[in-house]
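> Fold the stuff below for me.
(one chain, ligands or ions: 1)
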Amino acid sequence: MMAKLAEWKQIGKWTMTVGAVLALGACGGNKGDAAKADAPADSKGGNVELTISCGSVGQDYEMCKKLTDAWAQKTGNKVKLFTAPNSSTDILALFRQQFGAGSSDLDVVMIDVVWPGILKNHLVDLKQYSNGAESKHFPAIIANNTVDGKLIAMPWFTDGGLMYYRKDLLEKHNLPVPKTWAEMAETAQKIQDAERAAGNKDMQGFVFQGKAYEGLTCDSLEWVSSFGGGSFVEADGKISVNNPQAAAAFDTAAKWVGTISPKSVLNGGEEEARGIFQNGNAVFMRNWPYAWSLMQKDDSKVKDKVGVSPLPAGGEGGKSTATLGGWQLAVSKYSKHPKEAADLVMFLTSPEIQKQRAIEGSYNPTIPELYKDADVLKATPFMGDLYDVFTSAVARPSTVTGDKYNEVSAAIWNATSSVLNGKSNGADAAKKLEEDLTKIRRGDKW
Ligand code: GLC
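Next up is the predicted model:
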């Protein structure tokens, strides 16, 4: 009885959040207006019509359209695109609402690497459809996507945090690519000051993901881990965040805001950072691989001016850390066409399509073999040069915290945000985060 009540409360809470998300989407008036899909609703000429939700960041939508059209043509089926919001946090709220209602509106969903424990009860076991294709993918991602022996999602692309820098500006000011956060801040300040003095009034030193959402948890993990402060919650379930290195990492990031980073980063995610950087207005940017292909387009103001390196290391004894990200494709348990939906998933996650997406969209493949492919390496050299960054990326504590991960992450992004906004300091925020996480854990086990 108790559990039931808690579940209902949870659903009620999410429904409210989703309402807010949808209302925002409608005001924004972008192509992402939540419940709109592209294709006509008839299924003439095909057997079934599927709806897929496959992202709206960067080239997500465009490429999804092109590739699902190719599958539709090949099979005679139809595919409609559902445009999800671009924040991972908002997409999760939406899916939880859809799944909570048992809705068959979505057949195929793109799910974040941190969600298997949260969505496991709503997704189809793909093993019955995969023909063993999972053996070609990174075993760690397959393990991540396997819950209670069920393969609930196929890996689509993997992600790791990267440092983008303006090659031309570092050369012009005769400064090396920074290896530590302190060097980064110093270099950013110097170039920002010099460029502003020379008339580039909008120049910023560093842009990152600072708004309170999943993206900030990713950036925060990179700072904390790079200072040797752990991963908030360790793989054995221990809450580790209340330590001086984590506090120092928070304080370091807070100093960037209003000096080398515009205050607007506190309201921005991946796309806002990319907008500033791609317009030529930042020296450094923390972002994921997808941003690379967009920088290289003809309409990009920074075409051929960008370098990519591992993220800087923390202070003494620090190391460079990239947060492990990435997206998978899954079939909803409520789909009326699970067989066709699974076929679409297997097509989109196949080596051929992953290769195409790596070349055209710089989406990192989840198939190790493709990191040796000459065409992939030519289009996106960092996939080879920074291979280790991707294979040693640090995971957020989603496996150990399971279905509580989103609450855990919300506590992390709120604590980090409180320091970035000057409402707390590193030590107090680390202590409070430890208390919050302890409450979320309720007892010894997650
Ligand atoms: C990227 C990552 C994903 C992460 C998200 C946060 O999309 O691939 O794992 O949760 O960014 O904004």
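> what sits against residue 446?
Residues in contact with residue 446 (CB atoms under 8 Å, 6 or more residues apart in numbering) are 233, 237, 400-402, 404. Backbone N, C-alpha and C define where each C-beta goes, glycine included.
> oh, I was asking about residue 164
So residue 164 contacts 277, 284-287, 291-292, 295, 306-308 (CB under 8 Å, 6+ apart).
> Tell me the pLDDT of it.
pLDDT for residue 164: 98.
> Sort out which of the contacts of residue 164 are buried, if you could.
277, 284-287, 291-292, 295, 306, 308 (16 or more other CB atoms under 10 Å).
> Now tabulate those residues in TSV and tack on distance to the ligand, pLDDT and secondary structure.
Converted to TSV, those look like this (distance: CB to the nearest ligand atom, whole Å; pLDDT from 0 to 100; DSSP: H, G, I helix; E, B strand; the rest coil):
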residue	distance to the ligand	pLDDT	secondary structure
277	16	98	helix
284	18	99	strand
285	14	99	strand
286	11	98	strand
287	9	98	strand
291	11	98	helix
292	14	98	helix
295	17	97	helix
306	19	98	strand
308	16	98	strand
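> Return the closest of those with respect to residue 190.
residue 284 (12.0 Å; CB to CB).
> helix, strand or coil for the closest residue to that closest one other than its chain neighbours?
Spatial nearest neighbour of residue 284, chain neighbours left out: residue 206 (4.5 Å); criterion: CB to CB, 6 or more residues apart in numbering. For residue 206, the secondary structure call by DSSP: H, G, I helix; E, B strand; the rest coil comes out as strand.
> In this structure residue 206 contacts residue 277, no?
No. The criterion here is CB atoms under 8 Å, and residue 206 misses it with residue 277 at 9.7 Å.
> shared neighbours of these two, anything?
residue 285.
> Distance from the helix or strand that contains residue 354 to the middle of the chain?
Using DSSP states H and E, the element containing residue 354 is helix 351-361. In terms of CA atoms, centre = their mean, to the nearest Å, the centre of helix 351-361 is found 18 Å from the chain centre.
> Spatially nearest residue to the residue of the stretch 1-150 of the chain found nearest the ligand, not counting backbone neighbours?
Closest to the ligand within the stretch 1-150 of the chain is residue 88: 4.2 Å, counting by CB to the nearest ligand atom. Nearest residue to residue 88 in three dimensions, chain neighbours excluded: residue 214, at 4.2 Å (CB to CB, 6+ apart).
> Please apply the same query to residue 91.
residue 84 (4.6 Å).
> same check, this time on residue 433
Closest to residue 433 by CB to CB, 6+ apart is residue 415, at 3.9 Å.
> Determine the set of other helices and strands touching the helix or strand where that neighbour lies.
Assigned by DSSP H and E, residue 415 belongs to helix 405-420. Applying 3 or more CB pairs under 8 Å, 6 or more residues apart in numbering; DSSP states H and E, one finds that helix 405-420 makes contact with helix 116-119, helix 214-226, helix 244-256, helix 426-441.
> Look at residue 174 and say how many residues are nearby.
6 (other CB atoms under 10 Å).
> repeat for residue 86
So residue 86, with other CB under 10 Å, has 19 neighbours.
> Same question for the one 3 residues further on.
When neighbours are counted by other CB under 10 Å, residue 89 registers 23.
> now do residue 392
14.
> that older thread, out of the contacts of residue 446, which is most surrounded?
Highest neighbour count within the contacts of residue 446, by other CB under 10 Å: residue 233, with 26 neighbours.
> Can you verify my assumption that that residue contacts residue 411?
No. Counting by CB under 8 Å, residue 233 stays clear of residue 411, with 10.0 Å between them.
> overlap in contacts of the two?
Shared contacts of residue 233 and residue 411, defined by CB under 8 Å, 6+ apart, are found at residue 437.
> which other helices and strands contact the helix holding residue 354?
For helix 351-361, the packing partners by 3+ CB pairs under 8 Å, 6+ apart are helix 60-75, strand 154-160, helix 290-295, helix 374-379.
> gap between the longest one and the chain center?
When you say that, I think you mean helix 60-75. The mean C-alpha position of helix 60-75 is separated from the chain mean by 22 Å, CA atoms, centre = their mean.
> Does the ligand have contacts with it?
No. If you take CB under 6 Å from any ligand atom as the test, helix 60-75 misses the ligand, and the best it gets is 9.4 Å.
> i'd like the first residue to be 28 from this point on
Sure, I'll start numbering at 28, so the last one becomes helix 87-102.
> Any regions of the protein where pLDDT drops low?
28-73 (pLDDT under 70).
> Ranking the helices and strands packed on helix 432-447 by mean neighbour count, which comes first?
Comparing the helices and strands packed on helix 432-447 by mean neighbour count (mean count of other CB atoms under 10 Å), helix 241-253 ranks first with a mean of 27.
> wait, is residue 167 part of a helix?
Yes. Per three-state DSSP, residue 167 lies within a helix segment.
> Can you get me a residue count around it?
Residue 167: 15 neighbours (other CB under 10 Å).
> Enumerate every residue touching it.
No contacts exist for residue 167 under CB under 8 Å, 6+ apart.
> Can you give me the separation between it and residue 260?
18 Å (CB to CB, to the nearest Å).
> Can you name the residues of the stretch 228-377 of the chain sitting close to the ligand?
Close to the ligand, as judged by CB under 6 Å from any ligand atom, the stretch 228-377 of the chain has residues 241-242, 245, 297, 315, 352-354.
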